[in-house]
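Trainee: Okay, here's the prediction I keep looking at, along with the sequence it came from:
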Amino acid sequence: MRPFTLSLILLLSAGLLWQCQGPGKKTSSSADVAKTGTLSLETIRQQLADPNAHQSFVPESLLGLPEDLSEFIPADNPMTAAKVELGRQLYFDKRLSRDGTVSCATCHDPAKGWTDNAPVSTGIDGQKGGRSAPTVVNRLLGKTQFWDGRAATLEEQALGPIANPIEMGFSVEEAVELLNEIEGYRLQFEAVFGGPATADGIAKAIAAFERTVLTGANKNDYYERAVPWFDWDPEDEEDEEWIEIGLRILEEEKQNRLSESALRGRTLYFEKAACSTCHFGADLTDEQFHNIGVGVEGDAADPGLAAISGLEEDWGKFKTPSLRNIALTAPYMHDGSQATLMDTIRHYNQGGVKNRNLSGNIFPLNLTEEEMQDLLAFLEEGLTGSIPDIQTPDLP
């Protein structure tokens with residue numbers, strides 16, 4: 001009997017703007033590299049004159065993600081290379097902050113797993129926020145945005161930090177005015193949206209760019225794809241094309257094979273450690289909200305989802321993050337209170353911190369030291385996949 005298999009999945013492709021790196025390689029891009037005035041008007045006009053820049057496209061998927069990503073792109077914001085490029089520039093441009101020191105990339109830096117690797121983020125004037133910066137990676141798949149889900153879409157999320165007094169400290173109106181004073185941006189907004197910069201255009205451009213930031217093809221993805229083929233015998237198969245597919249899948253799994261420790265950790269993930277209760281699906285998250293006993297002590301405890309819903313039953317609940325590339329995004333939890341993955345494992349192993357609204361899915365796991373090391377091996381080795389090598393842009 002032929003095993004079930006997914007069709008071969010191609011790497012992310014969005015024109016000539018970026019390529020995909022192998023597992024675990026952080027890009028050299030940084031929030032501090034983008035320089036204003038380095039993108040000439042002549043270059044902008046040449047790029048915008050290319051008809052292909054305005055053709056809508058859907059990012060090609062990666063192994064482990066849904067094959068067709070078109071359902072995750074809103075009908076009112078189709079993706080084009082010109083729009084994505086505009087969004088890339090806006091994402092890295094610190095002029096969208098009050099003092100010119102903070103961009104989206106400051107807290108969601110490609111060089112740091114698309115976070116800032118800090119417990120909480122630092123905004124203008126050195127102000128500290130109250131929560132850790134979540135990664136931008138695979139937010140195309142997200143049902144809501146922010147730790148408390150207060151933004152329903154990436155477009156809505158994109159404008160939030162600009163107007164936040166602690167983060168970028170601007171206003172959306174001021175950002176619009178500033179961009180319309182920069183000819184290079186004005187040309188791009190005219191070409192992409194048919195008019196000057198607007199709040200809606202800023203949000204759509206940044207969101208379009210963020211939808212290209214994808215990860216997949218980790219060792220666990222190769223393993224899961226190959227599982228149905230492990231007992232397959234090519235000598236029982238007459239279809240040469242099918243034989244070629246099967247042998248290729250098995251060879252790719254061999255080239256990306258999990259260590260024995262990681263394989264034991266994988267079993268723990270789905271069984272004794274119960275990680276898959278909330279971390280499942282293509283992006284390894286249920287996209288739901290849970291109180292897992294983090295940051296719940298003291299009078300100043302963060303209410304989480306309850307601040308949005310107004311419901312006591314939501315107190316202390318935060319959105320389940322993806323575990324893809326989790327090894328790159330330390331520290332962990334919404335408040336950055338767990339410095340390492342092992343700290344995080346130990347938190348769950350003890351059953352979190354008891355509080356009035358602790359999830360019923362949080363309880364002592366009774367993992368041994370060896371089991372915790374195996375689980376760590378799976379999280380680090382098995383779930384670290386490809387990352388987009390997105391270059392820091394020149395800016396108008």
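Mentor: Yes, it's here. Residues are numbered from 1 along each chain as shown.

Trainee: Residue 87 belongs to a helix?
Mentor: Yes. Counting by DSSP: H, G, I helix; E, B strand; the rest coil, residue 87 falls inside a helix.

Trainee: Can you give me the distance of it to residue 193?
Mentor: 12 Å (CB to CB, to the nearest Å). For the C-beta atoms, the positions are set from N, CA and C on the backbone; glycine is no exception.

Trainee: burial count for the nearest residue to residue 159 once chain neighbours are set aside?
Mentor: In this structure, residue 159 finds its nearest non-sequential neighbour in residue 203, 5.1 Å apart by CB to CB, 6 or more residues apart in numbering. Neighbourhood size, residue 203 [other CB atoms under 10 Å]: 23.

Trainee: again, but for residue 39
Mentor: Neighbours of residue 39 (other CB under 10 Å): 20.

Trainee: wait, what's in contact with it?
Mentor: By CB atoms under 8 Å, 6 or more residues apart in numbering, the residues touching residue 39 are 89, 184, 393-396.

Trainee: could you measure the residue nearest to residue 159 against residue 87, distance?
Mentor: 9 Å.

Trainee: In contact with residue 265, which residues?
Mentor: 374-379, 382.

Trainee: so how far is residue 76 from residue 137?
Mentor: 24 Å.

Trainee: Residue 382 too?
Mentor: For residue 382, the distance to residue 76 - CB to CB - is 38 Å.

Trainee: quick one, which of the two is more surrounded?
Mentor: residue 382 (24 against 8).

Trainee: what's the nearest residue to that one if we skip its chain neighbours?
Mentor: The nearest residue in space to residue 382 (CB to CB, 6+ apart) is residue 220, at 4.2 Å.

Trainee: Centre of the chain to the helix or strand containing that neighbour, how far?
Mentor: If you go by DSSP states H and E, residue 220 is part of helix 219-226. Computed by CA atoms, centre = their mean, to the nearest Å, the chain-centroid distance of helix 219-226 equals 20 Å.

Trainee: Could you check how far the spatially most central residue of the chain is from residue 210?
Mentor: When CA atoms, centre = their mean is applied to the chain, the residue found nearest the centroid is residue 137 (1.7 Å). Separation of residue 137 from residue 210 (CB to CB): 9 Å.

Trainee: quick one on the thing from earlier: what touches both of residue 87 and residue 193?
Mentor: Contacts common to residue 87 and residue 193, judged by CB under 8 Å, 6+ apart, are residue 204.

Trainee: More neighbours: these two, which one.
Mentor: Neighbour count, other CB under 10 Å: between residue 87 and residue 193, residue 87 has more, with 28 against 18.

Trainee: List the residues that contact the more buried one.
Mentor: Residue 87 neighbours (CB under 8 Å, 6+ apart): 204-210.

Trainee: so how far is residue 143 from it?
Mentor: Residue 87 is 21 Å from residue 143, by CB to CB.

Trainee: In contact with the residue nearest to residue 159: list those residues for me.
Mentor: 155-156, 158-159.

Trainee: For residue 298, see how far away it is.
Mentor: From residue 203 to residue 298 the distance is 36 Å (CB to CB).

Trainee: Next: residue 245.
Mentor: The value you get for residue 245 to residue 298, if CB to CB is used, is 56 Å.

Trainee: Please identify which of the two sits among more neighbours.
Mentor: residue 245 (17 against 7).

Trainee: host element of the more buried one?
Mentor: helix 240-255.

Trainee: Assign residue 179 to helix, strand or coil.
Mentor: helix.
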